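In: Provide a 3D model corresponding to the input given below.
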Amino acid sequence: MGPVPESINRGTEATDGDVVRAVLAGDRERYRVLVERYRRAFGRYAVAVLGDADVAADALQEAFIRAYDALGDCREPDRFRNWFFSILSNQCRSALSRRRSQGDPADLDVPGKERADADAERSELAAALEGALAQLTAEQREAFVLKHVDGRSYEEMADLVGVGVDALKMRVHRAREALRGMLEGLR
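Out: Next up, the predicted model:
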């Protein structure tokens, strides 16, 4: 697709278009910039639309995966944000449709006090988990996130990271044990 944009080489803040072009040129790790740039705002959107943080997280993750897989179809890389939003909103609509077809209309109500309390607890836990993740080694954090956040198989992880499956299993195990110890008091 061409050379990596100069703004990326200089370390300045790259535009969405710069990042998309870099990813398409083979720098797959740069996609993380887009995920980090948009995950919070679009995560809030998904929670607001779906009314359930877990379902919203799944929809957001699936949208990022679909966008990555179809990145070559993004006609206007500088408008990635809008293009991604259309993918996410379609993903949210699909999730709502699945929930309706399963006949669970209670899940579609506006969150009540019990759900709001549960969401607040979940927010506290998420903040504690985020802090604990930051204390892991870079290798442990990477393995844990790939396995438990991205939901990747060990084989996929090995392809991405360039490390053997056994080493990745050990990193995930050590990360879990370290997180368990750090989060013990939250139970």
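
In: from N82, how far off is the nearest residue to L34 once chain neighbours are set aside?
Out: Sequence neighbours aside, V19 is the residue nearest to L34 in space, at 5.6 Å (criterion: C-beta to C-beta, 6 or more residues apart in numbering). From N, CA and C alone the C-beta is placed, and that goes for glycine too. V19 sits 15 Å away from N82, going by C-beta to C-beta, to the nearest Å.

In: same check, this time on A46
Out: A46 sits 16 Å away from N82, going by C-beta to C-beta.

In: more crowded one of these two?
Out: Legend: neighbour count by other C-beta atoms under 10 Å for A46 and N82, higher for A46 (26 against 11).

In: the helices in this protein, which residues?
Out: 6-10, 16-24, 31-50, 53-69, 80-101, 113-135, 138-144, 154-161, 165-183 (DSSP state H).

In: export those helices to a markdown table and tack on mean pLDDT?
Out: Converted to a markdown table, those look like this (pLDDT from 0 to 100):
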| stretch | mean pLDDT |
| --- | --- |
| helix 6-10 | 48 |
| helix 16-24 | 97 |
| helix 31-50 | 88 |
| helix 53-69 | 94 |
| helix 80-101 | 85 |
| helix 113-135 | 70 |
| helix 138-144 | 76 |
| helix 154-161 | 76 |
| helix 165-183 | 91 |
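
In: among these, which is the most enclosed?
Out: helix 16-24 (a mean of 22; mean count of other C-beta atoms under 10 Å).

In: quick one: contacts for G43?
Out: Contact analysis of G43 by C-beta atoms under 8 Å, 6 or more residues apart in numbering lists A56, A57, L60.

In: how near is the first one to L50?
Out: What it means is A56. For A56, the distance to L50 - C-beta to C-beta - is 5 Å.

In: shared neighbours, those two?
Out: Both A56 and L50 are contacted by C92, under the criterion C-beta under 8 Å, 6+ apart.

In: domain ranges for the protein, per the record?
Out: 1-107, 111-187 (automatic domain parsing).

In: just to revisit the earlier point, same list, the contacts of G43, but as TSV with distance to R174 please.
Out: Formatted as TSV, the contacts of G43 follow (distance: C-beta to C-beta, whole Å):
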residue	distance to R174
A56	30
A57	24
L60	27
